[in-house]
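Q: Got a predicted structure here, sequence first:
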Amino acid sequence: MRINSSITIRAPREQVWEQISDPAAYLEFMSGITRWELQGDGGVVESPGRLELGSRIRMLIRVGSAEVGGLIEIVEFSERSDMAWSSVTGIDQRGRWRLREAGNGSTRVELRFSYGVAGAGIGGLLAERVGAPIMRRHLRSSLHELKKVTEREYRLRDAAAKRERAAV
């Protein structure tokens, strides 16, 4: 099942990228996510820093009454532009963030997500169909939350910069 959703955020690409490359921010803006932990050689990374090519994340998302997910890995990473992931274990999934200039200091953000229940036959196909509307809502809600969080942060930073310039 493939799902795409997009939104325009009134903030520069750098500001949006800062949010989506921060593993600690995902629980704040990603709808349905119940677990999002950056994994290192010894397990969970306590001070995660930023996502990068090769980062691995243990994630779970609520779909109806079930939590599905697994281990994902960042497989493409183009700073302030594109970030893609693919499943390593768990449910078969792929996703991509795409950020593009939208004019007037705004950013067009697209979130693509595809998933499937590998080798599950008719039951897997049915599970995909039942889960699709829930996943669409999660993606749309996630983009709206990302917009809210990013625009709020951008306004605060912009106001602080203006105050700082006025004080000089």
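A: Yep, it's here.

Q: Regarding Glu151, which helix or strand does it belong to?
A: For Glu151, the host element (DSSP states H and E) is helix 121-167.

Q: Now do the phi/psi pair for the closest residue to Phe77 other than its chain neighbours.
A: Nearest non-adjacent residue to Phe77, counting by Cβ to Cβ, 6 or more residues apart in numbering: Leu53, 4.0 Å away. C-betas here are computed from N, CA, C, even on glycine. Backbone torsions of Leu53, given as degrees, to the nearest 10, read phi -60, psi 130.

Q: Now do the contacts for Leu53.
A: Shown in contact with Leu53 (Cβ atoms under 8 Å, 6 or more residues apart in numbering): Ile74, Val75, Glu76, Phe77.

Q: if I look at it, how far off is Pro133?
A: 33 Å (Cβ to Cβ, to the nearest Å).

Q: Pull the number of nearby residues for the nearest residue to Tyr26 once chain neighbours are set aside.
A: Nearest non-adjacent residue to Tyr26, counting by Cβ to Cβ, 6+ apart: Trp36, 4.4 Å away. Applying other Cβ atoms under 10 Å, we find 20 residues neighbouring Trp36.

Q: Quick check: beta-bridge partners of Trp36?
A: Assessed by DSSP bridges, Trp36 has beta-bridge partners Met59.

Q: Could you give the number of residues near Arg56?
A: Using other Cβ under 10 Å, Arg56 has 18 neighbouring residues.

Q: count of neighbours near the closest residue to Gly32 other than its chain neighbours?
A: Once flanking residues are discounted, Gly32 sits nearest to His138: 4.1 Å by Cβ to Cβ, 6+ apart. Counted by other Cβ under 10 Å, the residues lying close to His138 total 22.

Q: can you check Glu101 too?
A: 11.

Q: low pLDDT regions in this protein?
A: Within the chain, the stretches with pLDDT under 70 are 43, 46-48, 117-131.

Q: residue closest to the middle of it?
A: Ile20 (5.8 Å; Cα atoms, centre = their mean).

Q: is it true that that one touches Arg96?
A: No - in this structure, Ile20 is not within contact of Arg96 by Cβ atoms under 8 Å, at 10.9 Å.
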